[in-house]
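K.L.:
Quick one: sequence and predicted model below, then my questions.
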Amino acid sequence: MNGIRLAIMHWKVGAMHEVQYRVNFFLQLIDSVIRLATGLIAIWLVFSHTDDLAGWSRHELLVVMGIHILLSGINRTFVEPNVFQFIYTIGEGEFDYVLARPVDSQLLVSVRNLRFWQLVDVVVGVVVIGWAVSGIVETTSLPEVLAFLVAVSCGAVILYCMWMVVAAAAFKWIRVDDTVQLLNGLFQAGRWPVTIYPGWLRLTLTFVVPLAFAITVPAESLASKLSGGMLVLTVIVTGVMLLITRVAWQRGVRNYSGASA
Amino acid sequence: MRKLIAVYAAEMKFAVSNQMQYRWAAFFQLTGFLIEPVVYLVVWRTVAESGGPIGGYGVAEFTSYYIVWTLVRNMNLALAPGSWDYWIQSGRISNDLMHPVPIFHRQLAAFAGFKFVWILLWFPVAAGLSLIFKPDLSPTLLQGLVFFVAIWLGYVIRFSILFLMGLVSFWTTRAQALIEIVIGAELLLSGRLVPLAVMPDWVERLAGWLPFQWTFQYPIEVLIGRLSDRDVFVGFGLQFLWIGLLTGSVVLVWRRAIKRYTAVGS
């Protein structure tokens, strides 16, 4: 409970800091609109030459794109700024100050930063999902929507875990910001359903970098393509990812020798 | 001129040793960049498999296009315009202005040097992609030579465009929105997202008036053999024309931009 209060307090301070710079809202809006426009143009181009892409219709692909934008917004608001600050902290030898605080270090590192205006992407993502679902509404039932909410929450947690596991590598290798860029590159592959990729890439995006569970599964729930078993597997994978992240973090902290005298 | 060549050689040598120090970081960054064409390749192969060739591009052509794309992307990576914001806000640019060689030349040379290492790192990735997707590439010696020159000219064009974008930071520290618009336009009008032949006719015509396609599509199409001899030479001419226009603009804008810069401190 204390952890939740701590997180809310940090986010409040972060939001208060960010809303001072109101022009950033418009800059973020322009950025989001451009990325949305290029995404829509790509889908429009594809469907001007075909009626379905490996079994996915235009509206179903829009759902995938909406979820990608939504999760990207959540990631860039809550996760990425903290990951980059943590990597910087390790490099500059300031992590000692985190360990000196009387709270769990992983929790503190995960919540102390927030990029408020990136929430624009969350709103854009929700709008795109709503728009896309309106095109397949006859086939989307209430249980499917509930399954979607569970799956998309799992997706956000999976992304947090992926970024934190890479960040924890900074305990050993320090300069891992380029690896985070690699993760960002891989995340772009989630803009399309993983089922369209060849086997080797599909397996990579399912078991090595589990974007299949983070993005494609929530989209499948709204497109009536998801089985109950897959949803359960997604929840299990999320639990496993949380466990791996915790173990990686604790091992990192244990091996951390400190920067001060 | 001889002095400038020596500066370029020194900057490139330094850039190579710098990148070799951080080769794993460079490899991860490069791999991250190369996810983009793999995604486009898979999507358009799937479309071509189900609906047949589009604008003369079938499965084989799309495959060759995007495999060559990976090398061209490597070659036209240039100084990110966002760097200027940081340099100006932090005052770091004051140090660079003290240097006797202009920033344009030093950065152009440095990024040219980086490419030697990036290409070394690109080989295993390209070999892997070629094994998986099996592109149908059989360029002639002449096409190979023209491609070699065209990717360097494309690099100078893209470097100049991004440099000009960066200079906007001398007028406003909120240049990011403008940069995003230009990068968005480049994505659609350069052949980066998809060959222009796949786009509607009016997009292809619009792209003809802009410099972007000479940094992406033109070198790719030279190597995959989609251009006639006449198109190749016209393309060369237009690359030189854009280099003249853009570097001329850089000189003019730089002179005005630098007058706006003031620094305080010891």
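P.N.:
On my side now, so go ahead.
K.L.:
near chain A, which residues of the stretch 151-266 of chain B?
P.N.:
Selection of the stretch 151-266 of chain B residues close to chain A by C-beta under 8 Å from any C-beta of the partner chain yields B:174, B:176-177, B:180-181, B:184, B:187-188, B:193-194, B:198-199. Using the backbone N, CA and C atoms, a C-beta is placed for each residue, glycine as well.
K.L.:
Look at the closest residue to residue A:230 other than its chain neighbours and report its pLDDT.
P.N.:
Closest residue to residue A:230 apart from its sequence neighbours, by C-beta to C-beta, 6 or more residues apart in numbering or on different chains: residue A:217 at 6.2 Å. Note on residue A:217: pLDDT of 95.
K.L.:
again, but for the one 5 residues further on
P.N.:
On the pLDDT scale, residue A:222 is placed at 89.
K.L.:
Same check on residue B:221?
P.N.:
96.
K.L.:
So what's the residue count around it?
P.N.:
25 (other C-beta atoms under 10 Å in any protein chain shown).
K.L.:
separation between the residue in chain B that chain A sits nearest to and residue A:178?
P.N.:
Among the residues of chain B, residue B:32 lies closest to chain A, at 2.9 Å counting by C-beta to the nearest C-beta. Note on residue B:32: its distance to residue A:178, by C-beta to C-beta, to the nearest Å, is 8 Å.
K.L.:
just to revisit the earlier point, what helices or strands is the host helix or strand of the residue nearest to residue A:230 leaning on?
P.N.:
Take DSSP states H and E as the rule and residue A:217 turns out to sit in helix A:217-222. Counting contacts by 3 or more C-beta pairs under 8 Å, 6 or more residues apart in numbering or on different chains; DSSP states H and E, helix A:217-222 packs against helix A:58-74, helix A:119-134, helix A:142-168, helix A:228-255.
K.L.:
neighbour-wise, which of the residues of the stretch 151-266 of chain B next to chain A leads?
P.N.:
Busiest of those [other C-beta under 10 Å] is residue B:194, holding 25 neighbours.
K.L.:
if I pick the closest residue to that residue other than its chain neighbours, what's in contact with it?
P.N.:
Among residues not flanking residue B:194 along the chain, residue A:45 sits closest, at 6.2 Å (C-beta to C-beta, 6+ apart). Residue A:45 makes contact with B:193-194, B:198-199 under the criterion C-beta atoms under 8 Å, 6 or more residues apart in numbering or on different chains.
K.L.:
quick one, phi psi at residue A:45?
P.N.:
Main-chain dihedrals, residue A:45, degrees, to the nearest 10: phi -60, psi -50.
K.L.:
got it, and the one 4 residues further on?
P.N.:
The phi/psi pair for residue A:49 (degrees, to the nearest 10) reads phi -120, psi -10.
K.L.:
Does it touch residue B:55 like I think?
P.N.:
No: using C-beta atoms under 8 Å as the test, residue A:49 is too far from residue B:55 to be in contact (9.2 Å).
K.L.:
so what's in contact with these two at the same time?
P.N.:
Shared contacts of residue A:49 and residue B:55, counting by C-beta under 8 Å, 6+ apart, come down to residue B:198.
K.L.:
Neighbour count: those two, which is higher?
P.N.:
Ranked by neighbour count (other C-beta under 10 Å), residue A:49 and residue B:55 place residue A:49 first, with 17 against 14.
K.L.:
Residue B:47 and residue A:210: what is the separation?
P.N.:
Distance, residue B:47 to residue A:210, using C-beta to C-beta: 26 Å.
K.L.:
what residues are up against residue A:231?
P.N.:
Contacts of residue A:231 (C-beta under 8 Å, 6+ apart): A:147, A:150-151, A:217, A:221.
K.L.:
What of residue B:68?
P.N.:
Here residue B:68 is in contact with B:135, B:137, B:219-220, B:223-224 (criterion: C-beta under 8 Å, 6+ apart).
K.L.:
Find me the pLDDT at residue 234, would you?
P.N.:
All of this refers to chain A. 96.
K.L.:
look at chain B instead
P.N.:
95.
K.L.:
ok, the residue nearest to residue B:197 when sequence neighbours are not counted - contacts?
P.N.:
Nearest residue to residue B:197, sequence neighbours excluded (C-beta to C-beta, 6+ apart): residue B:55, at 3.2 Å. For residue B:55, the contact set (C-beta under 8 Å, 6+ apart) comprises B:195, B:197-198.
K.L.:
coming back round to it: ok now the helix holding residue A:217, how far from the chain's centre?
P.N.:
16 Å (C-alpha atoms, centre = their mean, to the nearest Å).
K.L.:
Pass me the low-pLDDT residue ranges in chain A, would you?
P.N.:
A:1, A:137-139, A:259-261 (pLDDT under 70).
K.L.:
Nearest to chain B: which residue in it?
P.N.:
For chain A, C-beta to the nearest C-beta, closest residue to chain B: residue A:185, 2.9 Å.
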